[in-house]
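Undergrad: this one's sequence-less:
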């Protein structure tokens, strides 16, 4: 494929993804047609099928833009090699920002709905989102232990506990549609400090 044609397809692909993300968020996945995506993005239905295969392929491409965000954030902060307390405060703040973003919450509601009837879809999404974040945190806590940093408990257990503090808010907000207020910055800091004391990782 020649470069100009490839660039045109890349731009069209991005336009389809932006339109689909907005429509899925506004109307829901089930109530959005591919014709509506094409109408909003421009292009043709034939091009959309060529790029994504079908509606599920389009959804998978939309989700792939956000499901790695948590994992990437953990890696980006870990590489700075700050002390554990500062590192976990930074990770908590960044993951909360990502998880509680309204657009990401809307996509998670779609994932929950699709997961009920499609076990393979559910497992694939989990493996490429929460599991990757969990493994990145486990690796971080393991590095701290190998470096001689004392902690009260198994590194993997502590990593899982810390992530669960953040994922809980994510799940509650997604399911309740904001009935419960999300944690404030101070509440998030207090929770992280509480975890740090229990884990023996306070400064």
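TA: Nice, thanks for sending it over. Note that the structure is a prediction, hence the values are computed from the model and not measured. Residues are numbered from 1 along each chain as shown.
Undergrad: which residue sits closest to the most centrally placed residue in the chain, ignoring its sequence neighbours?
TA: By C-alpha atoms, centre = their mean, the chain has its centre lying nearest to residue 67, at 3.9 Å. Leaving aside its chain neighbours, residue 67 sits nearest to residue 129 (4.0 Å; criterion: C-beta to C-beta, 6 or more residues apart in numbering). (Glycine included, C-beta is placed from N, CA and C.)
Undergrad: swap in residue 201?
TA: residue 84 is the one closest to residue 201 (C-beta to C-beta, 6+ apart), at 4.4 Å.
Undergrad: got it, and residue 106?
TA: residue 25 (4.1 Å).
Undergrad: could you chop the protein up by domain?
TA: Domain segmentation of the chain under automatic domain parsing yields 3-63, 66-199.
Undergrad: helices of this protein, start to end?
TA: Using DSSP state H, the helices found in the chain span residues 3-27, 34-41, 45-52, 55-64, 69-78, 84-99, 102-117, 119-128, 130-146, 155-176, 185-199.
Undergrad: which stretch in those has the least confidence?
TA: Sorting those by mean pLDDT places helix 119-128 lowest, at a mean of 80.
Undergrad: helices or strands up against that one?
TA: In terms of contacts (3 or more C-beta pairs under 8 Å, 6 or more residues apart in numbering; DSSP states H and E), helix 119-128 is packed against helix 55-64, helix 102-117.
Undergrad: returning to what we had before: okay, the helices of the chain in a markdown table with mean neighbour count next?
TA: Shown next, in a markdown table, are these (neighbours: other C-beta atoms under 10 Å):
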| stretch | mean neighbour count |
| --- | --- |
| helix 3-27 | 16 |
| helix 34-41 | 17 |
| helix 45-52 | 16 |
| helix 55-64 | 18 |
| helix 69-78 | 19 |
| helix 84-99 | 19 |
| helix 102-117 | 16 |
| helix 119-128 | 14 |
| helix 130-146 | 18 |
| helix 155-176 | 17 |
| helix 185-199 | 15 |
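Undergrad: please tabulate the helices and strands packed on helix 119-128 in a markdown table, including the columns distance to residue 138.
TA: Below are those laid out as a markdown table (distance: least, C-beta to C-beta, whole Å):
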| stretch | distance to residue 138 |
| --- | --- |
| helix 55-64 | 23 |
| helix 102-117 | 22 |
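Undergrad: residues contacting residue 135?
TA: If you count contacts by C-beta atoms under 8 Å, 6 or more residues apart in numbering, residue 135 has none.
Undergrad: all set, thanks.
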